[in-house]
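Asker: the sequence and its predicted three-dimensional model are supplied below.
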Amino acid sequence: MTTAYSGDYQGGKRQTCILREGNITIGTSGTHFAGGLNKLPTWSAAAEIMKGDYVGLHVDDANTYAACNGIPVVIEIAAAIPIIGRVVTEPEWQIMPSATTSTWATDLAAENYRTAVVELFNVTAIHAALVEGTTDIDVGAPVAYDVSMTAWKDNGTTQTGAFSFHDQDDATLTLCLIGFAGMGVASGDTDLVGIDVVA
């Protein structure tokens, strides 16, 4: 079945994501909509994201599972940001800020951001799972499953087919959203395809 984009076919997983659109500027005027009694303030974003835009993961240590309410954060594509998907619904405000904002951690805590559904290319599954951050886990970092801890942990720069959607700098076991992007090759048996496991 095609999407609303002629000739496009769905792939990967669809996931609601937070849009990191840079500093949000709130105007002093507003706009009335037909049948509406309230004025919607005018606003602009430093890097506005719209339906149909390609996006990448937003790498920031504020983007923990708890701070993000368990959902990923994406950002406008730039030269050094790999594409992870495309926005497929119209973005909607979680809570529109009442004043101009300039700090992402503050916006995140106040839920002053928009969300939209993103089609995540090549992501075959997404699980909330325990991770441990003895070695800090950054957003997008490859992770491997540690059988001794029954949790996921950082795997350096070696791709495993699994990655973290959130930041985790705490050695305590806590939840993160883990994405599975196809099958990696297990290091213990190079003829056996699967998500890597460490002792």
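Answerer: Thanks, I have the structure now. Fair warning: this is a prediction, and the values are worked out from it, not measured in the lab. Numbers count the residues shown, from 1 in each chain.
Asker: quick one: the residue nearest the centre of the chain from His58, how far?
Answerer: Here the mean C-alpha position of the chain is nearest to the C-alpha of Pro72 (C-alpha atoms, centre = their mean), at a distance of 2.5 Å. For Pro72, the distance to His58 equals 8 Å [C-beta to C-beta, to the nearest Å]. From N, CA and C alone the C-beta is placed, and that goes for glycine too.
Asker: pretty sure Arg86 is in a strand, no?
Answerer: Yes: the assignment for Arg86 is a strand, going by DSSP: H, G, I helix; E, B strand; the rest coil.
Asker: pretty sure it contacts Tyr54?
Answerer: Yes: at 5.3 Å, Arg86 and Tyr54 qualify as touching, with contact defined as C-beta atoms under 8 Å.
Asker: who has more neighbours, these two?
Answerer: Neighbour tally, Arg86 and Tyr54, criterion other C-beta atoms under 10 Å: the higher count belongs to Arg86, 20 against 17.
Asker: hey, what's that one bridged with?
Answerer: Beta bridges link Arg86 to Tyr54, Glu119, judged by DSSP bridges.
Asker: which stretches of the chain form helices?
Answerer: Counting by DSSP state H, the chain has these helices, from start to end: 104-110.
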